[in-house]
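Visitor: Structure for the following, please:
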Amino acid sequence: MRRKDREITDSSVIEAFIAKEKIIRIAFYDDGDIYILPVNYGYINDNGRYIFYFHGAKAGRKYELAKGSPSIGFEIDGCYELLEADTACKFSAKYQSVIGTGTLTLVEDKNEKIRGLDTIMKQATARPQWSYEDAMLNAVAVFKLEADKMTCKAK
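Guide: Now for the predicted structure:
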């Protein structure tokens, strides 16, 4: 990180930021192209190791890339506020972001799928448990991102 003065290392600040945001951007390397997409997420902090879950269809580019390219990048940003000035070059912004890399897998185990979907729903609604019909569980893809490296920055 170039601006060490903006790096956040306090785990409680990082946790609070990840807990309040709703969108994570996932970046795949696709045979010379970069494919990035925003998705809703849920997360688990397992003793400082972050595990993010998101869901989608069992078809399409995201699904196919997840099957073949487990190394991905990710980004979460928020807390944006424009800082105005008298001249254009002196404008700035307040923000906070988390950037990292990780390993992506498709969840096949029914109990872990439920855990992943509950984690996503808790992030969106604060309600921790839901019920799911077997047909829905069979139709949906649940993605599990285990963060390998992660940094947090703010201004």
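
Visitor: residue contacts, M121?
Guide: M121 makes contact with G42, R127, W130 under the criterion CB atoms under 8 Å, 6 or more residues apart in numbering. For glycine as for every other residue, the C-beta is placed from the backbone atoms N, C-alpha and C.

Visitor: separation between the residue nearest to the first one when sequence neighbours are not counted and I72?
Guide: Looking back up the chat, that one is G42. Residue nearest to G42 in three dimensions, not counting chain neighbours: T119, with 3.3 Å by CB to CB, 6 or more residues apart in numbering. Counting by CB to CB, to the nearest Å, the gap from T119 to I72 is 18 Å.

Visitor: ok, I18 - contacts?
Guide: Contacts of I18 by CB under 8 Å, 6+ apart are Y43, N45, Y50, I76, V98.

Visitor: That one: which element?
Guide: helix 11-20 (DSSP states H and E).

Visitor: For R49, give the beta-bridge partners.
Guide: R49 forms beta bridges with D46, as assigned by DSSP bridges.

Visitor: Number of residues surrounding it?
Guide: 11 (other CB atoms under 10 Å).

Visitor: any idea how far it lies from Y29?
Guide: In terms of CB to CB, R49 sits 23 Å off from Y29.
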